[in-house]
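Undergrad: The following comprises the amino acid sequence and a computationally predicted model.
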Amino acid sequence: MAVRNVAMREAIRRALHEEMLRDEAVFVMGEEVAYWQGTHRVTRGFLEEFGERRVRDTPISEMAIGGVAVGAAMAGLRPVAEFMTINFAFLALDAIVNHAAKVRYFFDGMFKVPLVYRAASGWGNQATASHSHAPEPIFAHFPGIYVGCPSNALDAYGMLKTAIRDDNPVLFSESIALYPKPSPLPDASDEAAQDDLLVPIGKGDIKRAGTDVTLVAYARGVDWSLQAARALARDGIEAEVVDLRWLRPLDMALVYKSFKKTNRCVIVEESLPMYSFGSEIAALLQENMFDYMDAPIKRVAAEDVPLPYSKEIELLALPNAQKVVDAVKEIV
Amino acid sequence: MAVRNVAMREAIRRALHEEMLRDEAVFVMGEEVAYWQGTHRVTRGFLEEFGERRVRDTPISEMAIGGVAVGAAMAGLRPVAEFMTINFAFLALDAIVNHAAKVRYFFDGMFKVPLVYRAASGWGNQATASHSHAPEPIFAHFPGIYVGCPSNALDAYGMLKTAIRDDNPVLFSESIALYPKPSPLPDASDEAAQDDLLVPIGKGDIKRAGTDVTLVAYARGVDWSLQAARALARDGIEAEVVDLRWLRPLDMALVYKSFKKTNRCVIVEESLPMYSFGSEIAALLQENMFDYMDAPIKRVAAEDVPLPYSKEIELLALPNAQKVVDAVKEIV
Amino acid sequence: MPSPSKDMLLDWYRQMALIREFEETCHQLYLQKRITGVYLHLYSGHEASGVGSMAALRKSDHVITAYRDHGIALILGMDANAVMAEMMGKKTGGSGGKGGSMHLASAAHNFWGGYAIVGGHLPLAAGIALEARYRGKDDVTMTYVGDGATNNGYFHESLNMSAIWDLPVIWIIENNGYGMGTEVERASGQTELHRKAAAYGIKDFGRVDAQDALAVYEVASQAVAYARAHGPAVIEHITYRYRGHGVSDKQYDSRDDMSAELRQWMDEREPLKILRDRIQAQFGDVSETLSAHEESARQIVAQSVEFAEASDLPRGRDALLSNTYVGSPLVYKTSDSIGAGSD
Amino acid sequence: MPSPSKDMLLDWYRQMALIREFEETCHQLYLQKRITGVYLHLYSGHEASGVGSMAALRKSDHVITAYRDHGIALILGMDANAVMAEMMGKKTGGSGGKGGSMHLASAAHNFWGGYAIVGGHLPLAAGIALEARYRGKDDVTMTYVGDGATNNGYFHESLNMSAIWDLPVIWIIENNGYGMGTEVERASGQTELHRKAAAYGIKDFGRVDAQDALAVYEVASQAVAYARAHGPAVIEHITYRYRGHGVSDKQYDSRDDMSAELRQWMDEREPLKILRDRIQAQFGDVSETLSAHEESARQIVAQSVEFAEASDLPRGRDALLSNTYVGSPLVYKTSDSIGAGSD
Ligand SMILES: Cc1ncc(C[n+]2csc(CCOP(=O)(O)OP(=O)(O)O)c2C)c(N)n1
Ligand SMILES: Cc1ncc(C[n+]2csc(CCOP(=O)(O)OP(=O)(O)O)c2C)c(N)n1
Ligand SMILES: [Mg+2]
Ligand SMILES: [Mg+2]
């Protein structure tokens, strides 16, 4: 099977496209997904191919986008509902965490809610404060839903397909910064080959092996971690990069295994620092790996401020590979 | 000055009442705050005393409650906007974190947003899944707003007054379970005496001194911690109870000071466990107090499930003093 | 619309008597602390609104509502035992004791539930109707929404979505005069709530006296036919709640004007009496049958209490955790040394 | 309403020419990567909507809008230098370089800002108007909202709140035919957007051809007078965006039908031309003055570009952190060993 470099956007598009071909119950809805071809071009060509019935533009009504998907899923469809950016999903928080995530529990299993919320996430393009969040941990705080955040084309492909096929609600957060990034994806043309690429829910991945320090990350944090690992290698420090891929459930076994070997850890995320991804992973590590800790676990996250427009100070607020390198050097 | 036992609800009522007398710009708005006398009776009698202008019933419009308060505050009023329960504040997440918390930053300091959002929080009364949250950490994730969570009458009184007088937006979360609980509050009748009771934003408090283990908590978690401390004392274990009172900003100096003495810590909260209060405090402790850690830091939180109706399993999901005792015994 | 037969009308009375008995019993059980949930919103006074409108449906149609859901469940044929057991949080409850009063549902009856967040069920209704449209079925979704809820963003976005997508939803606004303690006049700029339909270009079927089951049925039948063929419809039901907002609504009886108001509704617009009079005017004396229905209601409800009280509570951690997800519970614990994904 | 004087009309033209020049310059600067923000929504084509309506205000009145805010800022008299510097993220920008294109504001001009979340500013508008009511002032709040935004819950809840509280807000729906790529007809069940006022019992001032500044002014004057005395008002402005949704709206010109549509608007309903014709019809040849205004606009904008490019960027951690809060920044760092509260 040929393996080609493919932009993450394209991998997501391919996964969605294949699932729509595979299962007639799958449909997409969201702002500008149809005629406009998707704000981030993920649904490019879909309207033409699948028609208005299965490719549905919505008004600017996030509460309804969130809730209509729940009803449709309960009734037997498999909606893939897009929030143009994850910031707008704030307006649907109730639909997501109090309805999608709880309907099954309210009624003790009477209904399934097989839906996927897709959302473009992240910051760094001068989108300013209200449009600059990577708030996946906020959503992952709540049980009843899964949260997936791919870091490359292959994972995005396999994770989204799994998410669509799963009978639980999934929030699928796609880093805007990673959309154009090419990475290898096999040309899986038949279904069996495609199925081989499925990524199970809650399964993390070692993105780089190493012995000296564990970098735990997801989505864009993986990118910064891999860059940092290359820089560190030049100084003889071998970092292992664990991509958790899912914020709920967490594949902590993978983290612990790595940590037992390295005894040191830096957690890397794009989000704000308080009550966030780094907080949770650090807390779990110190509790469950106490005897393996040779140094404090460090966290690299965004600065604890709203994001400004002006590029230079915006970049100051963002994490980057150098900040990861610096954090590692504090503990090795 | 006479000190009387007063229900936390009454202390909040008194604080709000005094601030409304003191400053004509202070007004209350929310669902059922006026004619119904407040769902939790905090604004009992206000309509009669202050009239419809300053005690404003709203429709069931949480987005607008959240946002109207922002506009009114920018324009120079000091709104105290009530969410009947904090669950309904999910519908106002955007107004709270993307408007109240960011307006000042957007415009680089051009406006102030001196508002308080009050909300009744917590679970344990068979309110079921969508009405059973203590999600303060979710809101405290975002910079630009302060988050206060009192654990007794005196703190509630002093914190709310500070919150109303502060020029920043504050989310003030009131535990429903603590509303009826009596605790001592001086009869401060003149303004100077009242001002002495103000609690600075971000200032924690030692609720019980101890030497063997630090219990870090807020709101209802303080209650469980104090109960646990009494039980532990019978076994010769002296727990120090640190009530952080504010989830943003965090008074970590107080926690660190205690931890340096006890070298052990259990964090107690009413919220869900993932990406939450315990995560953050544990992460900070291990990073900044690494050399003082004699044992892993433990967390006691709610079970990671939506809340069921049936009392017995509902209580299973909730934290309690015994769970705190058990956690302490694992590490001392 | 065929005019309803005698049997049909008698059956409506049966349903209404059952609801009234069920709700008043719940009220008593609450006072006796045999039902302990903090939320318990009764349908007493609303009976004709639900019975008359759902009579216009066929079996494959869908129904969804908010937390004031006991009556809706019973009308659709949910077993009173399962409903009462749910009030008591029992394993045998319709929602296994997890949902309580506000979260009844029955997939077998196309009853999609009771929901506790005001307005939260409205987009779900649109989604359920979308499935029908998507699959080319002509089933409609009957959706009940309170007057207070019409002021929420969910209402606006859901009705608009139903309009542009031609979704077969009948939006029934149950205007009982209040959202908790707030009169419609103090909550809605537009107090003729059916007129809100104009903001979405939705067909407006106007206001109905919803204490009169026949009047309700007539308009509902038209609206259902319209929705089946075309798209969404709005109806406003004027009704009244006999037991305040919910059982914890203590000040309800303390407001004299309200009590007078309530007394007037009960005296002049009692839905069971109106139906009884309508039937007797058309078909002569049916008091025996009606009494039998009332007696049967008493028996059914008394038995449901017995059943519920004899049922087991859900117990233990497994009961707590189950059905958070489809499949393995994947439960997170702070002290877990292994995660869910890897083995 | 007094009919506008010649000077007034000439001044409107001045404002409109300034906006057009400013926006088209922004467009060029964006293509040249001298403005780098991802969001830049231009007011070209909308000029008469803002100029005609704000002419009905007095100085103590308030204005708030969404992200399409450059024109609004300039009409209110914000310095073009400060506006352009903000586009370039400079310290001298109106928002210190922190807000960018979508977040202009000027407290000195009672301009409460540009906001980026669709509908998010609508309850703020109600809150600003509430302050006036609360304090017994008769200032009004003019609020601009897009056609697409009227489908959002914020719109519904805010308009309703303004109605029940009699808030002096003029809700101006700037219907430019599209929300991003979605035509009004595909987004709103009610396509005559002013009719949404009926859902709130708000006084409906109907539709206005908003390419004609005089027509806009006339209706706005009535609505402002009404709002000052009574409460909220709704007006629908029919207008058109010349530069697509925003500068990143690349497909805009690729859709042929759209280009034809745009061409037609520019040919037949160009707001500057319509105003010019109106003035000349009434007052004779004023082309010299108008040319002078156009020339002056070019100079002002050219100078604003120079000013902005010569200005300093905000730099360093202090600039990043400042104005997160009033008072000390209380900045959280994972590695801090002391917190904010204790000393
Ligand atoms: C979003 C939200 N806000 C507030 C509440 C609290 N609440 C529950 S019922 C209710 C009143 C609803 O009134 P209405 O829609 O008229 O329905 P009714 O109870 O009269 O049937 C309120 C305010 C809630 N459950 N959800
Ligand atoms: C809540 C929210 N959803 C989506 C967006 C993305 N978005 C920005 S502008 C826009 C279109 C708004 O259209 P309209 O209200 O007609 O205003 P116009 O741009 O035409 O002036 C959309 C969908 C957003 N900023 N906020
Ligand atoms: Mg009601
Ligand atoms: Mg538009």
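TA: Good, I have the coordinates. Ligands and ions are numbered 1, 2, ... in the order given.
Undergrad: okay, the helix or strand of chain C with the lowest mean pLDDT in CSV with CA atoms only?
TA: Least confident helix or strand, chain C: helix C:256-268 with a mean of 84, by mean pLDDT, DSSP states H and E. The C-alpha coordinates for helix C:256-268 follow below in CSV (Å, rounded to 0.1, in the frame of the first residue of the first chain):
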residue,chain,number,x,y,z
ASP,C,256,-53.8,35.1,48.3
ASP,C,257,-54.4,36.4,44.8
MET,C,258,-52.9,33.2,43.5
SER,C,259,-55.1,31.0,45.6
ALA,C,260,-58.2,32.9,44.3
GLU,C,261,-56.9,32.5,40.8
LEU,C,262,-56.4,28.8,41.4
ARG,C,263,-59.8,28.4,42.9
GLN,C,264,-61.3,30.1,39.9
TRP,C,265,-59.6,27.7,37.5
MET,C,266,-60.6,24.7,39.5
ASP,C,267,-64.2,25.9,39.7
GLU,C,268,-64.7,27.1,36.2
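Undergrad: What is the next helix or strand along the chain from that helix packed up against?
TA: Later in the chain than helix C:256-268, the nearest helix or strand by DSSP states H and E is helix C:271-283. Judged by 3 or more C-beta pairs under 8 Å, 6 or more residues apart in numbering or on different chains; DSSP states H and E, helix C:271-283 is in contact with helix C:6-31, helix C:47-54, helix C:213-229, helix C:287-310. Just so you know, the C-beta spots here come from the backbone N, C-alpha and C atoms, and that holds for glycine as well.
Undergrad: okay, those, which one's buried deepest?
TA: Highest mean neighbour count of the helices and strands packed on helix C:271-283: helix C:47-54, a mean of 29 (counted as mean count of other C-beta atoms under 10 Å in any protein chain shown).
Undergrad: Work out the gap between the helix or strand that it is followed by and the centre of the chain.
TA: Going down the chain from helix C:47-54, the next helix or strand is strand C:62-64, by DSSP H and E. Taking the mean of its C-alpha atoms, strand C:62-64 sits 9 Å from the chain's own mean (C-alpha atoms, centre = their mean, to the nearest Å).
Undergrad: Not counting strand C:62-64 itself, show me its contacts.
TA: For strand C:62-64, contacts defined as C-beta atoms under 8 Å, 6 or more residues apart in numbering or on different chains pick out A:71, A:75, C:54, C:57, C:72, C:76, C:109-113, C:115, C:121, C:124-125, C:128-129, C:132, C:139-144.
Undergrad: where exactly do the strands run in the stretch 51-200 of chain C?
TA: Secondary structure of the stretch 51-200 of chain C, counting by DSSP state E, counting those that start in this stretch: strands at C:62-64, C:141-146, C:169-175, C:178-179, C:182-183.
Undergrad: As JSON lines, those with mean neighbour count would be great.
TA: Below are the strands of the stretch 51-200 of chain C laid out as JSON lines (neighbours: other C-beta atoms under 10 Å in any protein chain shown):
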{"stretch": "strand C:62-64", "mean neighbour count": "27"}
{"stretch": "strand C:141-146", "mean neighbour count": "28"}
{"stretch": "strand C:169-175", "mean neighbour count": "28"}
{"stretch": "strand C:178-179", "mean neighbour count": "24"}
{"stretch": "strand C:182-183", "mean neighbour count": "20"}
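Undergrad: just so I know, which of those lies nearest ligand 3?
TA: With C-beta to the ion as the measure, strand C:141-146 is the member of the strands of the stretch 51-200 of chain C nearest ligand 3 (4.0 Å).
Undergrad: send the alpha carbons of that closest one over as CSV?
TA: Provided in CSV are the C-alpha atoms of strand C:141-146 (Å, rounded to 0.1, in the frame of the first residue of the first chain):
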residue,chain,number,x,y,z
THR,C,141,-42.7,14.9,16.7
MET,C,142,-45.0,16.5,19.3
THR,C,143,-43.0,18.8,21.6
TYR,C,144,-44.3,20.4,24.8
VAL,C,145,-42.6,23.5,26.0
GLY,C,146,-43.5,25.9,28.8
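Undergrad: counting contacts, what elements does that strand pack onto?
TA: Strand C:141-146 sits against helix C:47-54, strand C:62-64, helix C:121-134, strand C:169-175, with contacts defined as 3+ C-beta pairs under 8 Å, 6+ apart.
Undergrad: Just checking: what are the partner strands of it?
TA: Take DSSP bridges as the rule and strand C:141-146 pairs in its sheet with strand C:62-64 (parallel), strand C:169-175 (parallel).
Undergrad: Would you list the phi and psi of the residue of chain A found nearest ligand 1?
TA: Nearest residue of chain A to ligand 1 (C-beta to the nearest ligand atom) works out as residue A:94 at 7.3 Å. Phi and psi for residue A:94, reported as degrees, to the nearest 10, are phi -60, psi -40.
Undergrad: For it, give its distance to residue A:64.
TA: Using C-beta to C-beta, to the nearest Å, residue A:94 is found at 12 Å from residue A:64.
Undergrad: With residue A:285 instead?
TA: To residue A:64, residue A:285 is 41 Å away according to C-beta to C-beta.
Undergrad: coming back round to it: neighbour count for residue A:94 and residue A:64, which is higher?
TA: Neighbour count, other C-beta atoms under 10 Å in any protein chain shown: between residue A:94 and residue A:64, residue A:64 has more, with 33 against 26.
Undergrad: phi, psi of the more buried one?
TA: phi -70, psi -40.
Undergrad: Pretty sure it sits against residue C:158.
TA: Yes. Judged on C-beta atoms under 8 Å, residue A:64 makes contact with residue C:158 at a distance of 5.3 Å.
Undergrad: so what sits against both of the two?
TA: Residues touching both residue A:64 and residue C:158 (C-beta under 8 Å, 6+ apart): C:123, C:126.
Undergrad: ranges for the helices of the stretch 201-332 of chain A?
TA: For the stretch 201-332 of chain A, the helices defined by DSSP state H, counting those that start in this stretch occupy A:220-234, A:252-262, A:277-288, A:311-317, A:321-331.
Undergrad: From the contact counts, what lies against the fourth one?
TA: For helix A:311-317, the contact count by 3+ C-beta pairs under 8 Å, 6+ apart identifies helix D:316-321 as packing neighbours.
Undergrad: same check, this time on the second one
TA: Other helices and strands packing on helix A:252-262, by 3+ C-beta pairs under 8 Å, 6+ apart, are strand A:205-208, strand A:213-217, strand A:239-243, helix A:277-288.
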